[in-house]
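Enquirer: What follows is a predicted protein model with its sequence.
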Amino acid sequence: MKLFPILTVVLGYTISSYIYSSAIFSNNNFTLEKSPSGSASATVTQPVLEYTVISETPVPTATGTVTPTPTPTVYTVENTPTQINVLFEKYASKESVDINMLRKIAQCESGYNSQAVNGPYAGLFQFSSQTWITSRRMMNADTNPDLRFNAEESIKTAAFRIASGNTGLWYTCLK
């Protein structure tokens with residue numbers, strides 16, 4: 001028996017194989033036959049795509065519960081008058097502002113009570129949340145409004161505002 005190489009392109013498929021001169025070759029995707037005249041013909045049978053239609057809406061599966069990000073709690077330490085004085089000196093010097101002005105505002109606004117709250121105002125210098133956030137952004141510092149209750153952060157922020165020429169927040173206390 002003789003082997004003949006056959007290369008046939010049918011419907012975009014290239015079939016390359018060897019057939020016997022008088023044989024019929026077949027597999028799942030194509031059939032190759034030899035005609036009496038000696039020519040070969042190929043038939044390509046494409047696989048059938050089977051699918052199933054689901055006529056019922058699937059029941060959603062439970063997913064994990066979303067847990068909100070916890071808000072950090074700021075713990076404050078009650079400062080003694082000596083500790084607060086050290087902070088006044090530190091930030092008055094750092095920002096080149098009058099220490100007596102800082103003291104006068106803190107006395108007027110909160111009576112030196114770092115935990116004081118009056119309406120929307122809080123801390124030694126009675127900052128509102130929005131004024132605090134704006135001031136702290138200008139300082140490139142943490143904007144968390146709970147920091148208003150921290151004596152050091154409050155003094156630092158007030159000294160910064162005064163050094164920036166923003167004493168209007170405390171115009172009543174500075175009369």
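Expert: The structure has been received and is ready for your questions.
Enquirer: so where do the helices sit in the protein?
Expert: Secondary structure of the chain (DSSP state H): helices located at 81-95, 99-110, 129-139, 151-163.
Enquirer: how many neighbours does Leu147 have?
Expert: Other residues within reach of Leu147, judged by other C-beta atoms under 10 Å, total 21. (C-beta placed from N, C-alpha, C; glycine too.)
Enquirer: Figure out which of the helices of the chain is closest to Gly119.
Expert: Proximity to Gly119 (C-beta to C-beta) singles out helix 129-139 among the helices of the chain, at 11.2 Å.
Enquirer: between that closest one and helix 151-163, how many degrees?
Expert: For helix 129-139 against helix 151-163, the angle by axes from the mean of the first three to the mean of the last three C-alpha atoms, to 10 degrees is 80 degrees.
Enquirer: so which of the helices of the chain is the most packed in?
Expert: helix 151-163 (a mean of 23; mean count of other C-beta atoms under 10 Å).
Enquirer: Can I get that one in PDB? Just the C-alpha atoms.
Expert: Written as PDB, here are the backbone C-alpha positions of helix 151-163 (Å, rounded to 0.1, in the frame of the first residue of the first chain):
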ATOM      1  CA  ALA A 151      -4.300  70.300  75.200                       C
ATOM      2  CA  GLU A 152      -1.000  70.100  73.300                       C
ATOM      3  CA  GLU A 153      -2.700  69.800  69.900                       C
ATOM      4  CA  SER A 154      -5.100  72.600  70.800                       C
ATOM      5  CA  ILE A 155      -2.300  75.000  71.900                       C
ATOM      6  CA  LYS A 156      -0.200  74.100  68.900                       C
ATOM      7  CA  THR A 157      -3.100  74.900  66.500                       C
ATOM      8  CA  ALA A 158      -4.100  78.100  68.300                       C
ATOM      9  CA  ALA A 159      -0.500  79.300  68.200                       C
ATOM     10  CA  PHE A 160      -0.400  78.500  64.500                       C
ATOM     11  CA  ARG A 161      -3.600  80.500  63.800                       C
ATOM     12  CA  ILE A 162      -2.400  83.500  65.800                       C
ATOM     13  CA  ALA A 163       1.000  83.400  64.000                       C
END
